[in-house]
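A.B. asks: pasting the sequence and the predicted coordinates here, then a few questions.
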Amino acid sequence: MTNQATSPGLSGVAEAARQAPGRGLPPVHLWNPAHCGDIDILIRADGTWMHEGSPIGRAELVRLFSTVLRKDPDGYHLVTPVEKLKIGVEDLPFRATAVRASEDGLSFTTDVGDEVTAGPDHLIVVETDPATGEPAPCVHVRADLWARIARPVFYELVERAEVVDGRLAVRSGGAVFALGPEGAGLE
């Protein structure tokens, strides 16, 4: 990330994100700047944030950028009050890397430090590849941003699951979430 000082878009995004109060999130849903173009940032399927082909090595900077990320109908953007820069995302922008159970339900922690408790406002969705049968689980984080549930975390969910209407499912926040199609994992 050697070009940060010479990349006005990138430094502008970082500065806008820094101005968010505390650990709260900036109100990106209220900002409607003109589209300024694309910026060479890619979030790879494994969760690595890349800039100009190199990994962004500072976790604090990735967290900062994640707070001004928004998904619009035409794709993912880093948004400030004055700039809107399109980025690439190979799969989903975040990874759910940990889960813990509490009396409120199942709380997920993402690779950028967000924490959400699954329930009616934060759904767990598991799509299944029709060709391979491989599950692709995710959890809603905020707005239209989702986290891919990491394989070890999904295994934890399966271990906690119970059979509900012929499917493995988990309960959280007063909701029931199927972990796959009917009959899957019940053999």
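C.D. replies: Alright, I've got the coordinates.

A.B. asks: who's residue 139 bridged to?
C.D. replies: When bridges are taken as DSSP bridges, the partners of residue 139 come out as residue 124, residue 147.

A.B. asks: can you pull out the low-pLDDT segments for this protein?
C.D. replies: Using pLDDT under 70 as the threshold, the predicted model of the chain has low-confidence ranges 1-23, 183-187.

A.B. asks: try it again with 90
C.D. replies: Judged by pLDDT under 90, the chain has its weakly predicted residues at 1-26, 128-134, 166, 180-187.

A.B. asks: for the chain, what spans make up the helices?
C.D. replies: The residue ranges that make up the helices of the chain, judged by DSSP state H, are 8-18, 59-66, 151-160.

A.B. asks: same for the second one, what does it pack against?
C.D. replies: I take that to be helix 59-66. Helices and strands in packing contact with helix 59-66 are listed as helix 8-18; criterion 3 or more Cβ pairs under 8 Å, 6 or more residues apart in numbering; DSSP states H and E. Where C-beta positions appear, they are placed from N, C-alpha and C, glycine not excepted.

A.B. asks: give the contact list for residue 180.
C.D. replies: Residue 180 makes contact with 126, 128, 135, 167, 168, according to Cβ atoms under 8 Å, 6 or more residues apart in numbering.
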